[in-house]
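Trainee: fold the following, please.
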Amino acid sequence: MFCLAAALGFAELVVIMVIVLLLFGHKLPTLGRSLGRSVNEFKAGMKEPVDEGKPAAPAAAPAPVAATTATPPVEPPKAQ
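Mentor: Sure, this is the predicted structure:
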């Protein structure tokens, strides 16, 4: 079986890495930021307790709206 990595020397690998860096260099900071956020979210998810057997707690009922005083209706001006 022919292995590509064995056929490439150090100089060829450096040239390939430079070409990849030139083509995708502007996307690397975004890629690193996304990867870091994903790892942080994964770690936070691993710290949360897992309660698969219990049903979720029902949502609390919304608080009643305070009653406001109604303004009296405005009468239209009388025609003379």
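Trainee: for the record, mean pLDDT for the host helix or strand of Met46?
Mentor: Element membership for Met46, per DSSP states H and E: helix 28-47. Across helix 28-47, pLDDT averages out at 90.
Trainee: next: stretch 18-25.
Mentor: Here the average pLDDT along stretch 18-25 is 88.
Trainee: check what contacts it and list those residues.
Mentor: Residues from elsewhere that reach stretch 18-25, judged by CB atoms under 8 Å, 6 or more residues apart in numbering: Leu28. Where C-beta positions appear, they are placed from N, C-alpha and C, glycine not excepted.
Trainee: pull out the buried residues from it.
Mentor: Buried positions in stretch 18-25, judged by neighbour count with 16 or more other CB atoms under 10 Å: none.
Trainee: can I get that stretch in CSV, CA atoms only?
Mentor: In CSV, the C-alpha atoms belonging to stretch 18-25 read as follows (Å, rounded to 0.1, in the frame of the first residue of the first chain):
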residue,chain,number,x,y,z
VAL,A,18,2.3,27.7,3.2
ILE,A,19,-0.2,27.3,0.3
VAL,A,20,-3.0,26.3,2.8
LEU,A,21,-2.1,29.2,5.0
LEU,A,22,-2.3,31.6,2.1
LEU,A,23,-5.6,30.3,0.9
PHE,A,24,-7.4,29.9,4.3
GLY,A,25,-5.4,32.2,6.6
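Trainee: re the thing from before, so which elements touch the helix holding Met46?
Mentor: Helices and strands touching helix 28-47, by 3 or more CB pairs under 8 Å, 6 or more residues apart in numbering; DSSP states H and E: there are none.
Trainee: just the CA atoms of that helix, as CSV, please.
Mentor: This file holds the C-alpha atoms of helix 28-47, laid out as CSV (Å, rounded to 0.1, in the frame of the first residue of the first chain):
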residue,chain,number,x,y,z
LEU,A,28,-8.4,30.7,10.8
PRO,A,29,-9.2,33.3,13.6
THR,A,30,-12.9,32.7,13.0
LEU,A,31,-12.4,28.9,13.0
GLY,A,32,-10.4,29.1,16.2
ARG,A,33,-13.0,31.3,17.9
SER,A,34,-15.8,28.9,16.9
LEU,A,35,-13.9,25.9,18.1
GLY,A,36,-13.2,27.6,21.5
ARG,A,37,-16.9,28.5,22.0
SER,A,38,-17.9,24.9,21.1
VAL,A,39,-15.4,23.5,23.6
ASN,A,40,-16.7,25.8,26.3
GLU,A,41,-20.3,25.0,25.6
PHE,A,42,-19.4,21.3,25.7
LYS,A,43,-17.7,21.6,29.1
ALA,A,44,-20.6,23.6,30.5
GLY,A,45,-23.0,20.9,29.3
MET,A,46,-20.9,18.2,31.0
LYS,A,47,-21.1,20.0,34.3
